[in-house]
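1. Show me how the following folds:
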Amino acid sequence: MVSDPVADMLARLRNAYMARQDRTEIPMSKLKVHIATVLQQEGYISEYRVDTAFPGKLTLFLKYGRDRRGAIVGLRRRSRPGRREYIGFDGIAPVHNGMGISILSTSRGVMSDRDARKNGVGGEVLCEVW
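-> Numbers count the residues shown, from 1 in each chain. Model prediction:
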């Protein structure tokens, strides 16, 4: 049993990029599907699939450049089960001078920091991706 499923997802994603794999499979939850949707919209993964043959499995297809360099350089878990981080929309700072994103869980759903600023909502900062 994993005590922090989002950190487990980020670790699996990081390890798959370091091993230059084409895809990675993780246990599915609604929050992870929403995070994968944000990662796909922002261009960090090519696509994701919720497998119907094996219920409870989420497959992320990774994205690489011409020289096989990963689209994701770094991942950081911000809000943890032991220490939650909440922030208002006016306090959302850019990640790596705007070259990365923060993923937030807001009252309007899971979204990137740019969308949260545009919609004027804050929430729990789940992770940062650059």
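
2. Just confirm residue 43 contacts residue 71, I think it does.
-> Yes - if you go by CB atoms under 8 Å, residue 43 and residue 71 touch, sitting 6.7 Å apart. C-beta: built from backbone N, CA, C; applies to glycine.

3. Neighbour count for the two, which is higher?
-> Neighbours were counted for residue 43 and for residue 71 using other CB atoms under 10 Å; residue 71 has more, 16 against 10.

4. residues making contact with stretch 114-121?
-> Residues from elsewhere that reach stretch 114-121 (CB atoms under 8 Å, 6 or more residues apart in numbering): 89, 92, 101, 104, 106-108, 111, 122-123.

5. Residue 67: how many residues sit nearby?
-> 5.

6. quick one: pLDDT of it?
-> The per-residue pLDDT reported for residue 67 equals 86.

7. Tell me which stretches of this protein form helices.
-> Ranges of helices within the chain are 5-18, 30-41, 113-119, based on DSSP state H.

8. In CSV, list those helices along with mean neighbour count.
-> Shown next, in CSV, are those (neighbours: other CB atoms under 10 Å):
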stretch, mean neighbour count
helix 5-18, 17
helix 30-41, 17
helix 113-119, 17
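
9. Dump the ones you listed into a markdown table; add distance to residue 84 and mean pLDDT as well.
-> Formatted as a markdown table, the helices of the chain follow (distance: least, CB to CB, whole Å; pLDDT from 0 to 100):
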| stretch | distance to residue 84 | mean pLDDT |
| --- | --- | --- |
| helix 5-18 | 12 | 96 |
| helix 30-41 | 14 | 97 |
| helix 113-119 | 16 | 96 |
